[in-house]
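Undergrad: build me a model from this:
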Amino acid sequence: MIERQVTPYLTKLLKKYPIVSVTGPRQSGKSTLLTNVLKNYAYVSLENPDMRRFAIDDPRGFLERYNDKIIIDEVQYAPDLFSYIQTATDFTGKTGQYVLSGSQNFLLLKSIKQSLAGRVSIFRLLPFSYSELAKNHIDLSTNKLMLQGGYPRIYDKNIPPQEFYENYLQTYIDRDVDSLLSVKEISNFNKFLKLCATRIGQVLDVTSLASDCGIDRKTAVSWLSVLESSYIVLQLMPYYANIGKRLIKSPKLYFYDTGLASYLLGIKSEKALQDDSMRGALFENLVITEMMKNYLNQKTMPDLYFWRDSNKNEVDIIDDTDSELKMFEIKSGKTAKPEFQTTLREVANILKVKNHHRAVVYDGQTLKSPKMSFVNWRELASYTLCMFDTHSG
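TA: Model prediction:
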């Protein structure tokens, strides 16, 4: 098994909280992680119809049978169970008593917020990061990683990406979306998902997206919410600073996995990707999600934005996760061109971002400078402040 970066944080938090919840997209490796790391825990999946019926019909009896150190997978199928779990943990006062996971995150997180607030630590497990693959000697080219994405089954079973994502989407529609939509809407939803892929890296115009799909704006907003809650797409919000500049308010749209996005765009090979007009947007998507994975895998919620003002000056990433702002411009090529730094420098000066916290992220060799650095995206994927240290020689 490829070791997941979150493992030490998972075991530490089980000593502090009575409940730990692991969310993330379908097939991101949640069950594999939990059953391999927590070998002394019982494992029950509520996708099993008998176990689901037991948990729904007799939640008290279910918890008494598994009263300590249990992983309950797909727990959202028994929503009443959450209140009984709350009562059980309050009574015993034990830590590490329950581990809850599920793929229908909009149902899981709703139940957690309603019943378990203050008692649970939530992990978000995304598909493999570049760092996780590289540490296990799976060092892919940039194009191959963008094309394959990070879903574990692709690597575990050596499944061709086209085959995997075709089945993945069908599973996602059947299990997570079908209950929310009519048969007629399913066709439009598939079209909507593909249209979202064509808008990667763009400022989101929901009205235009809805019009192109043949649905109303309210429906488009609802479907985006479903896609976000199931970790298919994410919206990167614009950075706001009270500096007298007119800044846009609309988010930019990205996918959590570039392999899925490439499939939706009909890109089937590395050569086709290299020549495709969407390669730059997919590379930008890759860099942003790798940053997010690196933070999430260290149990830190990333605080990432982009900058765009009314004059269309744009910076791809404003990182406000810790005490000092950092800024990154993303370019998909391998050549370090001085003009890539122009807007970055202007906006950095406005926001008073230190020289060593600014960088152009690209596909070429890392070049460090006291004023501005060019950083290969692989270094950003294992993102530490020392990568900006220009005084170490």
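Undergrad: count the neighbours of residue 312 for me.
TA: Residues contacting residue 312 under the criterion other C-beta atoms under 10 Å number 8. Where C-beta positions appear, they are placed from N, C-alpha and C, glycine not excepted.
Undergrad: ok, for the residue with the largest distance to the centre of the chain, nearest residue in space, not its chain neighbours?
TA: Centroid-distance maximum for the chain: residue 61 at 36.0 Å, with C-alpha atoms, centre = their mean. Distances taken as C-beta to C-beta, 6 or more residues apart in numbering place residue 54 nearest to residue 61, at 7.4 Å, with adjacent residues excluded.
Undergrad: what sits up against the host helix or strand of the one you found?
TA: Secondary-structure assignment from DSSP states H and E places residue 54 in helix 49-57. Here helix 49-57 makes contact (C-beta atoms under 8 Å, 6 or more residues apart in numbering) with 44, 45, 46, 61, 62, 72, 77, 78, 80, 81.
Undergrad: list the buried residues for that helix?
TA: By neighbour count on 16 or more other C-beta atoms under 10 Å, the buried set for helix 49-57 is 51, 52, 54, 55.
Undergrad: per-domain residue ranges of this protein.
TA: Annotated domains of the chain cover 7-124, 130-287, 304-388 [automatic domain parsing].
Undergrad: where in the stretch 201-350 of the chain is pLDDT low?
TA: Applying pLDDT under 70 to the stretch 201-350 of the chain flags residues 242-246.
Undergrad: strands of that one, residue ranges please.
TA: Using DSSP state E, counting those that start in this stretch, the strands found in the stretch 201-350 of the chain span residues 233-236, 252-255, 304-308, 314-319, 326-330.
Undergrad: now render those strands as CSV, adding mean neighbour count and distance to residue 344.
TA: Shown next, in CSV, are the strands of the stretch 201-350 of the chain (neighbours: other C-beta atoms under 10 Å; distance: least, C-beta to C-beta, whole Å):
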stretch, mean neighbour count, distance to residue 344
strand 233-236, 19, 17
strand 252-255, 25, 17
strand 304-308, 21, 10
strand 314-319, 22, 6
strand 326-330, 23, 5
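Undergrad: would you format those as a markdown table with distance to residue 67 included?
TA: Converted to a markdown table, the strands of the stretch 201-350 of the chain look like this (distance: least, C-beta to C-beta, whole Å):
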| stretch | distance to residue 67 |
| --- | --- |
| strand 233-236 | 38 |
| strand 252-255 | 41 |
| strand 304-308 | 41 |
| strand 314-319 | 43 |
| strand 326-330 | 47 |
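Undergrad: tell me which of the ones you listed sits nearest to residue 223.
TA: Between residue 223 and the strands of the stretch 201-350 of the chain, the tightest spacing by C-beta to C-beta is seen for strand 233-236, at 9.8 Å.
Undergrad: against residue 193, how distant is residue 296?
TA: Residue 296 sits 23 Å away from residue 193, going by C-beta to C-beta, to the nearest Å.
Undergrad: ignore the last one, residue 2
TA: Per C-beta to C-beta, residue 2 is found 28 Å from residue 193.
Undergrad: between those two, which has more neighbouring residues?
TA: Each of residue 2 and residue 193 has its neighbours counted (other C-beta under 10 Å); residue 193 has more, 22 against 17.
Undergrad: do I have it right that that one meets residue 261?
TA: No - Residue 193 lies out of contact with residue 261 (C-beta atoms under 8 Å); the separation is 9.9 Å.
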